[in-house]
Structures are given as structure tokens and as C-alpha cells.
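Student: Need coordinates for the below:
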Amino acid sequence: MKRRSLPDPDSRTQVLRARRKYTEQVLLTVVFTFVQLWAIVAVVVLLEARGVLAVAVAVVLSASLIALWDTWRTLLMFGRALRSWLPDELPAVDAEPPRRPSNLVRL
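Tutor: Okay, here's the model as predicted:
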């Protein structure tokens, strides 16, 4: 899985891009959840399986629920990190980012 880095809070474009990408991910996850739940209900209602096929269907359905859970967990963790990292207000377009103190020693 690709590791996502947090944007620079002093960069307006990076803040806007991070917020837009997070919103897109939430919308895609909601659509994925509805489709996945619909498919699970359809399989449970329409499939008349017995024996080995019933066990195989149970394993596949449990794996799909685990995938849903993992997707939402990852999305919520990234959302919390994004909200705690980014400022509430966007930085100004022409504003120069504040200088951070350096630990470097000049000789």
C-alpha cells in the first residue's frame, strides 16, 4: 500500500489538494460500501448453497466485510491526521510562509 505523506500546512495548493483528495476518497468509499453491502445481501438472499459452496461463500463474504472495515479504518485514520495537521483557515495566496527556527549552527 502506498504511504501518504501529510501536506505542508503553509502551502495553500497542498492544503486544497489534500482536502479535495480526502473528499474524493470519502465519496468513493461510501459508494464502494453501498455496492458491497448490496452484493452481500443479494448473495445471502438469492444463493441456495449447501456444503462446500456454502462454506466458500461464507469465507468470501467475511473477506469482503474485512475489506470494508479496513477501508473505513484507513480513511478515518488519515482524516484524523489531516484535520490535526492542517490549519482551520487556508493560508493567504501571497503570504510568505513563516520561518521556522533552525537547529543548524552557523560557523
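Student: all helices for the chain, in order.
Tutor: Secondary structure of the chain (DSSP state H): helices located at 12-46, 52-85.
Student: I'd like those helices laid out as a markdown table, including mean pLDDT and mean neighbour count.
Tutor: Using the backbone N, CA and C atoms, a C-beta is placed for each residue, glycine as well. Formatted as a markdown table, these follow (pLDDT from 0 to 100; neighbours: other C-beta atoms under 10 Å):
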| stretch | mean pLDDT | mean neighbour count |
| --- | --- | --- |
| helix 12-46 | 88 | 13 |
| helix 52-85 | 89 | 12 |
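Student: Residue 49 and residue 79: what is the separation?
Tutor: Here the distance between residue 49 and residue 79 works out to 38 Å (C-beta to C-beta, to the nearest Å).
Student: go on, residue 42?
Tutor: From residue 42 to residue 79 the distance is 30 Å (C-beta to C-beta).
Student: cool, residue 72 as well?
Tutor: 10 Å.
Student: do residue 53 as well
Tutor: For residue 53, the distance to residue 79 equals 39 Å [C-beta to C-beta].
Student: Ok, residue 33 next?
Tutor: Residue 33 is 15 Å from residue 79, by C-beta to C-beta.
Student: Also residue 30?
Tutor: Residue 30 is 13 Å from residue 79, by C-beta to C-beta.
Student: what does residue 28 give?
Tutor: Distance from residue 28 to residue 79, by C-beta to C-beta: 14 Å.
Student: Before I go, just wanted to say thanks for your time.
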